[in-house]
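[1] sequence below, structure please.
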Amino acid sequence: MMQEGEKAPDFSLKDSSGKVHKLSDYLGKKVILYFYPKDDTPGCTQEACDFRDSIPLVTKKKAVVLGVSADSEKSHEKFAKKFGLPFTLLSDPDKKLLQAYGVWGGEEYVCRKYMGITRSTFVIDEKGRVLKVFSPVKVPGHVQEVLALL
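    From the prediction side, this is the model:
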């Protein structure tokens with residue numbers, strides 16, 4: 001997993017409309033890069049809606065929110081539309097970024113093991129360095145923790 005102080009790996013991923021985003025596009029702003037398991041599931045929906053509801057504060061602090069999962073661009077489009085998400089969701093179907101940040105791996109749920117995404121958030125500073133790592137994330141109160149850091 002990425003550590004605080006390290007240079008954050010750049011990426012080139014598509015959003016729900018097919019537009020390519022790179023981390024380097026956001027130099028000069030703080031980036032809240034959050035990784036979540038699956039669109040339109042209870043915990044992921046709550047986390048996304050918490051970020052949605054906090055966007056005015058995020059913007060005021062000159063930061064952006066980018067959500068990442070392995071879901072398709074089409075899935076992201078439906079998810080964002082259904083919940084009115086005003087920030088970018090990026091699709092990583094090859095799991096290259098998930099692996100680069102160390103959030104893809106073995107998970108366990110109800111005594112069953114599987115490969116999955118560890119819900120994690122990386123706050124990246126204006127110069128592209130990891131300022132703070134939150135992992136694993138517990139959804140209730142998480143966005144407030146992130147906002148307090150900004």
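[2] surely F51 and T88 touch.
    No: under the criterion of C-beta atoms under 8 Å, F51 is not in contact with T88, lying 11.0 Å apart. C-beta coordinates here come from the backbone N, C-alpha and C atoms, glycine included.
[3] quick check: neighbours shared by these two?
    Shared contacts of F51 and T88, defined by C-beta atoms under 8 Å, 6 or more residues apart in numbering, comprise 65, 67.
[4] those two - which one has more neighbours?
    Remark: of F51 and T88, F51 carries more neighbours, 23 against 19, as counted by other C-beta atoms under 10 Å.
[5] just checking, what packs against the strand or helix carrying that one?
    F51 is part of helix 42-53, with elements assigned from DSSP states H and E. With contacts defined as 3 or more C-beta pairs under 8 Å, 6 or more residues apart in numbering; DSSP states H and E, the secondary structure elements packing on helix 42-53 are strand 30-35, strand 63-69, helix 73-83, helix 142-149.
[6] check which element follows that helix along the chain.
    Next element after helix 42-53 (DSSP H and E): helix 55-60.
[7] which helices and strands does that following helix pack with?
    Helix 55-60 sits against strand 63-69, with contacts defined as 3+ C-beta pairs under 8 Å, 6+ apart.
[8] let's see it at 10 Å
    Contact partners of helix 55-60 among helices and strands, from 3 or more C-beta pairs under 10 Å, 6 or more residues apart in numbering; DSSP states H and E: strand 63-69, helix 142-149.
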